[in-house]
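Student: sequence and predicted structure are below.
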Amino acid sequence: MSVSRVLVANRGEIAVRIIRACRRLGMETVAAVSVADRDSLAAQMADRVVCIGPPRSADSYLKAETLVAAALGSGCDALHPGYGFLSERAELAQACANHKITFVGPTADNITRIGDKLQARKIAAASGVPTVPGSDHAKNVQEALSLADRVGYPILLKASAGGGGRGIKLVSNASEMQSTFPTAAAEARAAFGDDTLYMERYIENARHIEVQVLGDMLGNVVHLAERDCSLQRRHQKIIEEAPAYVLSKTLRGKICKAATDLARTIGYQNAGTVEFIFDNDTQEFFFLEMNTRIQVEHPVTEMITGVDLVVQQLLIARGQALSFQQSDIQFKGHAIECRINAESPQHGFQPCPGQITAWETPDGAGVRVDSHCYGGYVVPPYYDSLLAKLVVHGADRSDAVARTRHALAAFHIQGIDTGIPFLQTVIDDPEYRSGKINTRWLEKRLEQYAATVAA
Amino acid sequence: MELTEDDVLHILKLIDESKFDYFQLEVGDLKITVSKGDPIPIASASPQVPVSQTPSSGAPAAGKPAASAPQKEPPKAAPSVAEGLVPVTAPLLGTFYVAPEPGAPPFVQVGSAVTEDTTVGLIEVMKVFNSVRANVRGVIAEVVAQNGQFVEYGQTLFLVRP
């Protein structure tokens, strides 16, 4: 299982992050880029660059066969898929395996077994991990109506092939179910090629808590504590923190054990995240889904553990045993990540591509910026709007919040609009500071912000 | 093993006088790759093969590890396209073939007349062969890419005089 030259099958900040980790281990890198990313920071940093296709991701970053051909043609023995794009497609992991290329991630079997959301619920239940009260596959509207009566409204109608916040509809009553079910099925078919839908009870006062796990090829599995990712806009995370400060010591122990139990059940290899929904009112947690890749928000975990997760991914892929046990992992302080997106909070968060004319990042103790941007860089319109992740570590949560506040103020980006002004109002919000938030809090805060901006 | 500048010059001289197109030497950590003009064919399937075509590889590459020399310059449409020539570029990444099957005559050669729809080569990705069309009417002036070469998206394969 040699990993000496890695094809970086992704773009943006994660491509840069992967190249750094490879360098640390003395591995060579080949950046697979679309035409739009020929001059990207990752392309400048990589030992080599291979252009895989036109800008549209469907013609480049989403073509598994092209990526494998690029790896073979450039003499790579490994491929890192990053996050998004093809990172959670079993077909890419399988194509790599077929061509003796080490896939830096879980096995195709891991991805297939846990990637289907409905099947994942069954595996979780079988491994003693609590799941949200809900239903099995609802085949048609009639079945959906009778299943929903048993689960109880409001419910979430979910696409089994969905994930990452996509393919989810909130249904409040039976008449809404009548109209929503057919469109949800059609959307799921169009987006994921699979119209299987199921239901989960909607928990109104909830937090999104997830547990980072690492598993090696020898069956060792450890957790690296939890992250609280409750601050979301349209199911996309905006601010993430580690650890999940709302949990008691007992609950923390239970949720982390649930995550490692699940990972062990499926013989999980490499880095993964087990997502839970936490009911603020009943203090119960339920399994949501497992993400079989490195996550955008992995740096907050790195800040409190000192473990470089991407380096661990590469070492595990190389066949090495984890060099530490659960008891060796120490959790220190509190970390907060703010996603800085190219979007205009003053204009309904419209995406805002274009040229960055000035780029000045904050620094100092406990401040880290993961980014692929620089002054003069043109943010292409073809991809997601993430520009940078501001990650701040403090002795405790209030210290981390205070440092984040200063870091946001010292982050200067000119030429395009970014979400920084809105992030600043969130960090200053007394409710946020006291931690009295849930998964719907940010949306409400956003409405207030929109009203203020309009006034 | 230490290699002095004189040793390298000596190797270059030997290669230059020989009929070999390229030469690759590996002794422990030391790797040296030398090529005459043309890029090293991908057929050597060695991980040291440069990915993209070097625009002007007149100067032989030598170093440690030789071909790990970063290949950052994107292959522009053509390094020095003579006045009026139109490049035919790779419509996708893969392995380029000049003929429909090994041993068969090439689709086109220098001097062949082509129209927009003329198939000028094949690009193979994962055992699937895709034909490359000229997309221009004219006469092949130069065959730039080599048979069996790994080409990236947009790389120049032929030059056509319209």
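Tutor: It's in. Predicted, not measured: the structure shown is a model, and the values here were computed from it. Numbers count the residues shown, from 1 in each chain, chains lettered A, B, ... in the order given.
Student: can you show me the CA trace of the helix or strand hosting residue A:122 as CSV?
Tutor: Per DSSP states H and E, residue A:122 falls inside helix A:117-126. Provided in CSV are the C-alpha atoms of helix A:117-126 (Å, rounded to 0.1, in the frame of the first residue of the first chain):
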residue,chain,number,x,y,z
LYS,A,117,-29.3,7.0,4.6
LEU,A,118,-32.1,4.6,5.2
GLN,A,119,-29.8,1.6,5.4
ALA,A,120,-27.5,3.6,7.7
ARG,A,121,-30.5,4.0,10.1
LYS,A,122,-30.9,0.3,10.2
ILE,A,123,-27.2,-0.4,10.8
ALA,A,124,-27.2,2.2,13.6
ALA,A,125,-30.2,0.7,15.2
ALA,A,126,-28.6,-2.8,15.0
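Student: got the buried residues for it?
Tutor: A:117-118, A:120-121, A:123-124 (16 or more other C-beta atoms under 10 Å in any protein chain shown). Just so you know, the C-beta spots here come from the backbone N, C-alpha and C atoms, and that holds for glycine as well.
Student: list of residues touching it?
Tutor: Residues from elsewhere that reach helix A:117-126, judged by C-beta atoms under 8 Å, 6 or more residues apart in numbering or on different chains: A:113-114, A:130-131, A:134, A:136-137, A:158-163, A:196, A:198, A:262, A:265-266, A:287, A:289-290.
Student: right, and the helix or strand after it?
Tutor: helix A:141-151.
Student: the helix or strand following that next one to helix A:117-126, inter-axis angle?
Tutor: Beyond helix A:141-151 on the C-terminal side, the first helix or strand identified by DSSP H and E is strand A:155-163. Going by axes from the mean of the first three to the mean of the last three C-alpha atoms, to 10 degrees, strand A:155-163 is angled at 100 degrees with respect to helix A:117-126.
Student: neighbours around the residue nearest to residue B:161 when sequence neighbours are not counted, how many?
Tutor: Leaving aside its sequence neighbours, residue B:161 sits nearest to residue B:141 (C-beta to C-beta, 6 or more residues apart in numbering or on different chains; 4.5 Å). Look at residue B:141: counted by other C-beta atoms under 10 Å in any protein chain shown, it has 18 neighbours.
Student: cool, and the one 3 residues further on?
Tutor: Other residues near residue B:144 number 21, with proximity taken as other C-beta under 10 Å.
Student: I figured it hits residue B:121, correct?
Tutor: No - using C-beta atoms under 8 Å, residue B:144 is not in contact with residue B:121; the gap is 10.8 Å.
Student: who touches both of these two?
Tutor: B:157-158.
Student: just how off-centre is the helix holding residue A:122 within its chain?
Tutor: Mean-position distance between helix A:117-126 and its chain equals 20 Å (C-alpha atoms, centre = their mean, to the nearest Å).
Student: what's the average pLDDT for that helix?
Tutor: Summarised as a single mean, pLDDT over helix A:117-126 is 93.
Student: same question, stretch A:177-192
Tutor: Per-residue scores along stretch A:177-192 average to 89.
Student: residues contacting that stretch, please?
Tutor: A:138, A:140-141, A:144-145, A:148, A:157, A:159-162, A:166-167, A:169, A:171, A:194-197.
Student: check which helices and strands the helix or strand that residue A:299 is a member of is in contact with.
Tutor: According to DSSP H and E, residue A:299 maps onto helix A:298-305. Helix A:298-305 sits against strand A:221-233, strand A:236-242, helix A:309-317, strand A:334-341, strand A:367-371, strand A:386-394, with contacts defined as 3 or more C-beta pairs under 8 Å, 6 or more residues apart in numbering or on different chains; DSSP states H and E.
Student: next one: the very next helix or strand once past the last one to chain centre, how far?
Tutor: Right, strand A:386-394. Scanning forward in sequence from strand A:386-394 by DSSP H and E, the next helix or strand is helix A:397-409. Centroid separation for helix A:397-409 versus its chain: 23 Å, with C-alpha atoms, centre = their mean.
Student: direction included, what does the next helix or strand after helix A:397-409 pair against?
Tutor: Going down the chain from helix A:397-409, the next helix or strand is strand A:412-414, by DSSP H and E. Strand pairing for strand A:412-414, using DSSP bridges, gives strand A:358-360 (antiparallel).
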